[in-house]
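Engineer: Give me the fold of what follows.
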Amino acid sequence: MIDGVDMDDLDARLLVDLLRDRIIPDRNLGQHFLLDESVISRSVELADEAGFPLDENAHVIEVGPGPGSLTLELLRSGATVTGLEIDVEAIAHLNRVFGDGDGRLTIIEGDALKIKWPEKASHLIANLPYQISSPILEKIQQHHAKNPFDVIILLVQDEFAERMSMDHFGSLSTLGLSLWLDFDVELDRKIPGGAFSPAPRINSRLVVLNPVNRIEEVGTINRKMFKIITKHCFASRRKKLRSLLAKPPRRLSRVKGWHKARWNAAMNHIYENTPEGLDSEWFEERPDVMEPEEWAMIANAISSFEGDF
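Structural biologist: Residues are numbered from 1 along each chain as shown. Predicted coordinates:
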């Protein structure tokens with residue numbers, strides 16, 4: 001409540017105007033405040049469509065609540081909300097407007113990449129600042145490994161969303177492959193710049209991350225080896241895998257027990273003994289035409305090598 005105004009009388013435009021009366025949006029913080037009520041409503045609808053509706057049993061982490069336009073809708077759903085906010089003026093604004101949200105709102109001051117996140121959150125729903133989207137996704141995966149989310153709904157740059165989803169042939173990326181380990185990525189609405197204040201010059205996209213268990217599909221994956229190999233190969237994505245894998249990845253030593261000699265022996269072995277599920281000429285392909293499951297097979301074949309070296 002603010003100046004006697006009930007929460008039901010608030011809307012996104014008013015909340016953004018109230019904050020912008022006090023601050024100039026900081027480009028370094030990626031402050032493009034969401035105005036479009038239909039986009040805000042759609043963010044909540046997506047949780048319901050995923051089978052995990054927002055209600056009094058839900059606990060949502062919101063990264064960068066800013067003016068509280070999304071926060072308002074989350075609170076109206078009955079959910080408990082924890083906002084992670086770095087801007088002290090935005091925090092003061094949120095406290096003036098919402099207080100503690102009838103005991104359902106907590107604002108944690110700090111950099112979302114560095115502070116500790118709540119351990120028992122069911123949802124993460126956020127309009128992510130463009131410039132921290134990649135590291136935030138890494139943080140999400142780290143948190144999800146120990147404290148699984150039911151569903152994650154993000155508003156990100158449209159081009160970034162395409163990289164996340166890998167929907168098109170040849171669109172594989174290290175970002176998308178890393179996410180694939182934990183989630184199925186679904187693209188929803190494309191959002192024009194006019195839905196924000198100030199308006200960015202690019203489109204955004206709503207994206208849903210649905211948790212999955214890849215062990216049922218491809219067995220246990222050595223995640224560290226998977227990420228090191230894919231990053232190594234996608235640095236020169238136009239080359240063939242035989243050429244790329246002939247040289248050990250730079251960070252191979254970060255995987256316990258691995259070094260140049262073992263790598264070379266492992267590669268010689270799998271060239272001569274095609275891993276199950278792969279085409280016999282797999283090493284003649286380029287990185288971006290392989291399927292995620294094939295990358296898992298390659299990583300598993302390499303990491304399981306225990307021969308002479």
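
Engineer: This protein: helices as residue ranges?
Structural biologist: 12-20, 37-49, 69-76, 88-98, 133-146, 158-165, 174-180, 215-218, 223-234, 241-245, 260-272, 292-303 (DSSP state H).

Engineer: Tell me which of these sits most buried.
Structural biologist: helix 69-76 (a mean of 23; mean count of other CB atoms under 10 Å). The way it works is simple: take the backbone N, C-alpha and C, and place the C-beta from them, glycine included.

Engineer: Let's see the pLDDT reported for the spatially most central residue of the chain.
Structural biologist: Centroid-nearest residue in the chain, with CA atoms, centre = their mean: Leu137, separated by 3.2 Å. Reported pLDDT at Leu137 in the predicted model: 97.

Engineer: Excluding sequence neighbours, find me the nearest residue to it.
Structural biologist: Leu179 (6.6 Å; CB to CB, 6 or more residues apart in numbering).

Engineer: Surely that neighbour touches Leu209?
Structural biologist: Yes - with contact defined as CB atoms under 8 Å, Leu179 and Leu209 form a contacting pair (7.0 Å).

Engineer: Pull up the overlap in contacts between the two.
Structural biologist: Val185 (CB atoms under 8 Å, 6 or more residues apart in numbering).

Engineer: Check whether Ile270 really touches Ile302, as I assumed.
Structural biologist: Yes - using CB under 8 Å, Ile270 is in contact with Ile302, at 6.7 Å.

Engineer: Could you list the low-confidence segments of the stretch 101-250 of the chain?
Structural biologist: 169-170 (pLDDT under 70).

Engineer: List the contacts of the residue nearest to the centre of the chain.
Structural biologist: 164, 175, 178-179.

Engineer: Which pair of these spans the longest distance?
Structural biologist: Greatest spacing in these, by CB to CB: Met164 and Ser178 (9.6 Å).

Engineer: can you list the domains in the protein?
Structural biologist: Split into domains by automatic domain parsing, the chain comes to 7-212, 221-303.

Engineer: Just send those domains back as TSV, with distance to Phe309 too.
Structural biologist: Shown next, in TSV, are the domains of the chain (distance: least, CB to CB, whole Å):
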stretch	distance to Phe309
domain 7-212	27
domain 221-303	4
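
Engineer: is Val81 in a bridge, and if so with what?
Structural biologist: Val60, Leu105 (DSSP bridges).

Engineer: how close does it sit to Leu72?
Structural biologist: 10 Å (CB to CB, to the nearest Å).

Engineer: Please apply the same query to Leu278.
Structural biologist: Counting by CB to CB - Leu278 and Leu72 are separated by 51 Å.

Engineer: ditto for Ala199
Structural biologist: Ala199 is 21 Å from Leu72, by CB to CB.

Engineer: How about Ala58?
Structural biologist: For Ala58 relative to Leu72 (CB to CB), the value is 15 Å.

Engineer: do the same with Gly193
Structural biologist: Separation of Gly193 from Leu72 (CB to CB): 22 Å.

Engineer: Next: Met225.
Structural biologist: Applying CB to CB to Met225 and Leu72 gives a distance of 44 Å.

Engineer: for His59, same thing?
Structural biologist: From His59 over to Leu72 (counting by CB to CB), the distance is 17 Å.

Engineer: what do you get for Ile40?
Structural biologist: Distance from Ile40 to Leu72, by CB to CB: 8 Å.

Engineer: between these two, what contacts are shared?
Structural biologist: Common neighbours of Ile40 and Leu72 (CB under 8 Å, 6+ apart) are Ala12.

Engineer: Hmm, Phe149 and Ile121 touching each other?
Structural biologist: Residue 121: Ala, not Ile. Yes - between Ala121 and Phe149 a contact is recorded at 6.7 Å, counting by CB under 8 Å.

Engineer: State the number of residues packed around the residue lying closest to Ile108 once chain neighbours are set aside.
Structural biologist: Leaving aside its sequence neighbours, Ile108 sits nearest to Leu84 (CB to CB, 6+ apart; 5.3 Å). If you count neighbours by other CB atoms under 10 Å, Leu84 ends up with 24.

Engineer: which residues touch Leu84?
Structural biologist: By CB under 8 Å, 6+ apart, the neighbours of Leu84 are 61-65, 108, 110, 112, 115, 117.

Engineer: Neighbour count for these - can I get that in JSON lines?
Structural biologist: Below are the contacts of Leu84 laid out as JSON lines (neighbours: other CB atoms under 10 Å):
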{"residue": "Ile61", "neighbour count": "23"}
{"residue": "Glu62", "neighbour count": "25"}
{"residue": "Val63", "neighbour count": "23"}
{"residue": "Gly64", "neighbour count": "22"}
{"residue": "Pro65", "neighbour count": "27"}
{"residue": "Ile108", "neighbour count": "16"}
{"residue": "Gly110", "neighbour count": "12"}
{"residue": "Ala112", "neighbour count": "23"}
{"residue": "Ile115", "neighbour count": "12"}
{"residue": "Trp117", "neighbour count": "18"}
